[in-house]
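here is the input, now give the coordinates:
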Amino acid sequence: MSGCFYLNGLSSILCRIAELLNYVLPVLIVLGVVYLVWGVVRYMIGDSEEAKKKGKDGIIFGIIGLVVIVSLWGLVYIVVNTFNLRRDNFAPTPFELDRMLPI
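Alright, predicted model coming up:
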């Protein structure tokens, strides 16, 4: 169940974006690491200068991608903490219970 159901307006939108990014960013990090490793492999096994250049470009782009992804994840946590969108271990209010329970 979403932890954003108790928020309204812009806070709800920011909270939902943060939840979405918390699911997507780990997958992007894995893909970035795989791309980085693939660049290292291409660089190591490359015979020609062109193959080594492609491998080096893969390494550089992999590192840049990982830095961007991790920075984006940090930005999500800054937004969540700035707007106080985190709510852990609190009992739901009666209004929240009405919304959670089927009628």
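
flag the shaky bits of the chain, pLDDT-wise.
Within the chain, the stretches with pLDDT under 70 are 1-7, 85-97, 102-103.

what helices or strands is the strand or helix carrying Gly65 leaning on?
In this assignment (DSSP states H and E), Gly65 forms part of helix 49-82. With contacts taken as 3 or more Cβ pairs under 8 Å, 6 or more residues apart in numbering; DSSP states H and E, helix 49-82 sits against helix 9-45. Glycine gets a C-beta too; all of them are placed from N, C-alpha and C.

and the helix it packs on, what does it pack against?
helix 49-82.

how about the helix it packs on: buried residues?
Residues 55, 58-59, 62, 65-66, 69, 73, 76, 80 are the ones in helix 49-82 that count as buried (16 or more other Cβ atoms under 10 Å).

turn these into JSON lines, including distance to Arg42.
Formatted as JSON lines, the buried residues of helix 49-82 follow (distance: Cβ to Cβ, whole Å):
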{"residue": "Gly55", "distance to Arg42": "4"}
{"residue": "Gly58", "distance to Arg42": "6"}
{"residue": "Ile59", "distance to Arg42": "9"}
{"residue": "Gly62", "distance to Arg42": "11"}
{"residue": "Gly65", "distance to Arg42": "16"}
{"residue": "Leu66", "distance to Arg42": "17"}
{"residue": "Ile69", "distance to Arg42": "21"}
{"residue": "Trp73", "distance to Arg42": "27"}
{"residue": "Val76", "distance to Arg42": "32"}
{"residue": "Val80", "distance to Arg42": "38"}
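
out of the residues you listed, which is nearest to Leu20?
Relative to Leu20, the closest of the buried residues of helix 49-82 is Val76; by Cβ to Cβ it sits at 9.5 Å.

all set now, cheers.
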